[in-house]
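Student: Please find the sequence and the predicted model below.
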Amino acid sequence: MTKPTLVVLTGAGISAESGLKTFRDSDGLWEGYNIEDVATPRAWRRDPQLVLDFYNMRRKNVLDAQPNAAHKILAELESYFDVQIITQNIDDLHERAGSTNVKHLHGEIFKMRSEKQEHNDAIAVRIDGDIMLGDKAPDGGQLRPHIVWFEEAVPMIAEAVPVMHSADYFLLAGTSLVVYPAAGLVDYVRDEVTKYVVDKRIPPVSHYSNIVAIEKPATEGMQDARELLLAALRERG
């Protein structure tokens, strides 16, 4: 019997409880840095050393973090659903928790590529340690984090749209829906699909139909979402 498709869009709130901070925690600052200084193409052109230092530290932070209950619940739901995760997060906590279908809209902290190349998962290579100024790709370009910075295009959006449209159930977890174009993906979920929303502050979703709001932090709210999803599955027969 074919499993129904559960499409999940996750944001920083699901990883925050694993100790990973985000820029939205404190007025546009990310770990004390202005976004414009470390996460834009202009920042890279102006001071690549600062950008590399920033992401080298983020990589260490992710290595030290562990998947939390919310990540693990999503992995467990693969027993009942065809779970398709689209995440705005650059960490690998979904994968480490056991999820097998994860698309990273904004890149991955454990990958790098040449600064001469556009964002392309096929050419990115694994990096667990630090990227240093002077580390070159085969094409001679400086290696940079495989991250979609602010002011850069988000090529994975094109792959995410049909996934959103395929949802039999939809779950939004830990995102404020303020970062575009990712926030606009919810528009592609069909009206008749039940949309479960988990966040400690429910984002603006009142204009969507069939919303089930769970106003709790991700680790708590995902427990409620799991029970509701399994109940819906039983009703489906």
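Tutor: Ah, there it is.
Student: Buried ones in the lengthiest strand in the chain, by neighbour count?
Tutor: In the chain, taking DSSP state E as the definition, the longest strand is strand 107-114. Under the neighbour-count criterion of 16 or more other CB atoms under 10 Å, strand 107-114 has 107-114 buried. The way it works is simple: take the backbone N, C-alpha and C, and place the C-beta from them, glycine included.
Student: With stretch 161-181 instead?
Tutor: Those would be 161, 163-164, 167-177, 179, for stretch 161-181 by 16+ other CB under 10 Å.
Student: residue ranges with poor pLDDT in this structure?
Tutor: By pLDDT under 70, the low-scoring segments of the chain are 22-31.
Student: residues making contact with the helix of greatest length in it?
Tutor: Identified as the longest helix of the chain according to DSSP state H is helix 218-236. The contact list for helix 218-236, computed with CB atoms under 8 Å, 6 or more residues apart in numbering, reads 4, 6, 13-14, 16-17, 68-70, 73-74, 76-77, 80-81, 169, 171, 173-174, 194, 196, 198-200, 212, 214-216.
Student: Is the residue nearest to M222 when sequence neighbours are not counted in a helix, a strand, or coil?
Tutor: Leaving aside its chain neighbours, M222 sits nearest to A70 (4.1 Å; criterion: CB to CB, 6 or more residues apart in numbering). At A70 the chain is in helix, as set by DSSP: H, G, I helix; E, B strand; the rest coil.
Student: so A70 sits right up against A173, yeah?
Tutor: Yes. A70 lies in contact with A173 (CB atoms under 8 Å); the separation is 6.6 Å.
Student: okay, and the common contacts of the two?
Tutor: What both A70 and A173 touch, as defined by CB under 8 Å, 6+ apart, is the set 14, 198, 218, 221-222.
Student: Could you look up the SS state of H146?
Tutor: The local conformation at H146, judged by three-state DSSP, is strand.
Student: Would you agree it is in contact with Q117?
Tutor: No. The pair H146 / Q117 is not scored as a contact, 9.5 Å apart, by CB under 8 Å.
Student: Comparing those two, which residue is more hemmed in?
Tutor: Between H146 and Q117, counted using other CB atoms under 10 Å, H146 has the larger neighbour count: 25 against 14.
Student: okay, now N120: neighbour count?
Tutor: Using other CB under 10 Å: N120 sits among 10 other residues.
Student: how about the helices of the chain, start to end?
Tutor: Along the chain, counting by DSSP H, helices occupy 12-16, 35-38, 41-46, 48-64, 69-76, 93-97, 157-165, 218-236.
Student: Quick check: which of the ones you listed is buried the most?
Tutor: Across the helices of the chain, averaging neighbours per residue (mean count of other CB atoms under 10 Å) puts helix 12-16 on top, at a mean of 25.
Student: Quick one: distance of that one to the chain centre.
Tutor: 9 Å (CA atoms, centre = their mean, to the nearest Å).
Student: If you count neighbours, what's buried in stretch 189-196?
Tutor: 189, 193-196.
Student: Looking at these, spot the one nearest H94.
Tutor: Closest approach to H94 among these (CB to CB): Y196, at 17.1 Å.
Student: Bridge partners for the closest one, pull those for me.
Tutor: In this entry, Y196 is beta-bridged to L171, V212, by DSSP bridges.
Student: now do K111
Tutor: R126.
Student: wait, doesn't it sit right on I131?
Tutor: No. If you go by CB under 8 Å, K111 and I131 don't touch, sitting 10.4 Å apart.
Student: which residues do those two both contact?
Tutor: With CB under 8 Å, 6+ apart as the test, K111 and I131 both reach P145.
Student: pull the CA atoms of stretch 86-105 into PDB?
Tutor: The C-alpha trace of stretch 86-105 is given here as PDB (Å, rounded to 0.1, in the frame of the first residue of the first chain):
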ATOM      1  CA  ILE A  86      12.300  20.800   2.700                       C
ATOM      2  CA  THR A  87      14.500  22.800   5.200                       C
ATOM      3  CA  GLN A  88      15.800  26.300   5.400                       C
ATOM      4  CA  ASN A  89      18.500  25.100   7.800                       C
ATOM      5  CA  ILE A  90      22.100  24.500   6.700                       C
ATOM      6  CA  ASP A  91      22.800  22.000   9.500                       C
ATOM      7  CA  ASP A  92      22.600  18.200   9.000                       C
ATOM      8  CA  LEU A  93      20.500  17.400  12.100                       C
ATOM      9  CA  HIS A  94      17.600  16.000  10.000                       C
ATOM     10  CA  GLU A  95      19.900  13.500   8.400                       C
ATOM     11  CA  ARG A  96      21.600  12.500  11.600                       C
ATOM     12  CA  ALA A  97      18.200  11.900  13.200                       C
ATOM     13  CA  GLY A  98      17.500   9.400  10.400                       C
ATOM     14  CA  SER A  99      15.400  11.300   7.800                       C
ATOM     15  CA  THR A 100      16.200  10.100   4.300                       C
ATOM     16  CA  ASN A 101      14.600  12.700   2.100                       C
ATOM     17  CA  VAL A 102      15.900  16.200   2.800                       C
ATOM     18  CA  LYS A 103      16.200  19.100   0.500                       C
ATOM     19  CA  HIS A 104      18.300  22.100   1.800                       C
ATOM     20  CA  LEU A 105      16.900  25.300   0.300                       C
END
